[in-house]
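Asker: A predicted structure for the sequence below; I have some questions about it.
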Amino acid sequence: MVMSGRKPTDRPTVTRHKPTVDWTDVPNTLFAGVVPALPEVREIVNKAGDITVHPIPPQTLTWYTAVTTMPHCVLWSPSDWAFCLDTALIHAQAVTGVVSAMSELGNAKRLWVPRWTRGAIYVYVT
């Protein structure tokens with residue numbers, strides 16, 4: 001099959017710029033530290049001003065457990081934990097079928113990765 005573009009060379013790739021990130025070694029073990037508690041219910045206010053109480057879906061509990069036991073949680077600051085809790089509540093809305101929450105969850109996840117990896121690359125050490 002004919003491919004367009006330049007053919008790859010056999011020479012190794014050389015970059016002459018200075019790296020902009022540092023390596024951070026993190027032990028490859030599940031985080032077992034203090035994790036903020038996820039609320040058992042969420043309160044939703046409709047357009048009329050009525051408040052309804054809904055339990056947190058089991059899918060969100062599973063997701064929150066998976067996220068809060070990742071090895072690099074040991075490096076999280078209080079603002080990272082607050083962002084995680086906010087994202088969990090958005091996740092609960094998305095799981096229950098709220099379409100606007102689904103796009104918001106996608107936006108939060110796009111913000112999430114650079115926020116936690118800004119200036120560092122995590123290397124899990126076994």
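Answerer: Sure, I can see it. Model, not experiment: these values are computed from the prediction.

Asker: contact partners of stretch 90-105?
Answerer: 42, 54, 56-57, 59-60, 63-64, 87, 108 (C-beta atoms under 8 Å, 6 or more residues apart in numbering). The way it works is simple: take the backbone N, C-alpha and C, and place the C-beta from them, glycine included.

Asker: what's the closest of the residues you listed to Val35?
Answerer: Taking C-beta to C-beta as the measure, Tyr64 is the one of those closest to Val35, at 8.6 Å.

Asker: got phi/psi on the closest one?
Answerer: Here is the backbone geometry of Tyr64 (degrees, to the nearest 10): phi -60, psi -40.

Asker: re the thing from before, farthest pair within the contacts of stretch 90-105?
Answerer: Most distant of these, by C-beta to C-beta, are His54 and Ala108, 19.4 Å apart.

Asker: secondary structure of Asp25: a helix, I assume?
Answerer: No. Counting by DSSP: H, G, I helix; E, B strand; the rest coil, Asp25 is not part of a helix but strand.

Asker: state the number of residues packed around it.
Answerer: Residues within reach of Asp25, counting by other C-beta atoms under 10 Å, total 9.

Asker: pLDDT score assigned to it?
Answerer: Asp25 carries a pLDDT score of 81 in this model.

Asker: circling back: mind putting the contacts of stretch 90-105 into CSV with pLDDT, secondary structure and distance to Ala32?
Answerer: As requested, those are exported to CSV (pLDDT from 0 to 100; DSSP: H, G, I helix; E, B strand; the rest coil; distance: C-beta to C-beta, whole Å):
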residue, pLDDT, secondary structure, distance to Ala32
Arg42, 90, strand, 27
His54, 92, strand, 30
Ile56, 95, coil, 22
Pro57, 95, coil, 25
Gln59, 95, helix, 23
Thr60, 94, helix, 21
Trp63, 93, helix, 18
Tyr64, 94, helix, 15
Thr87, 90, helix, 21
Ala108, 80, helix, 25
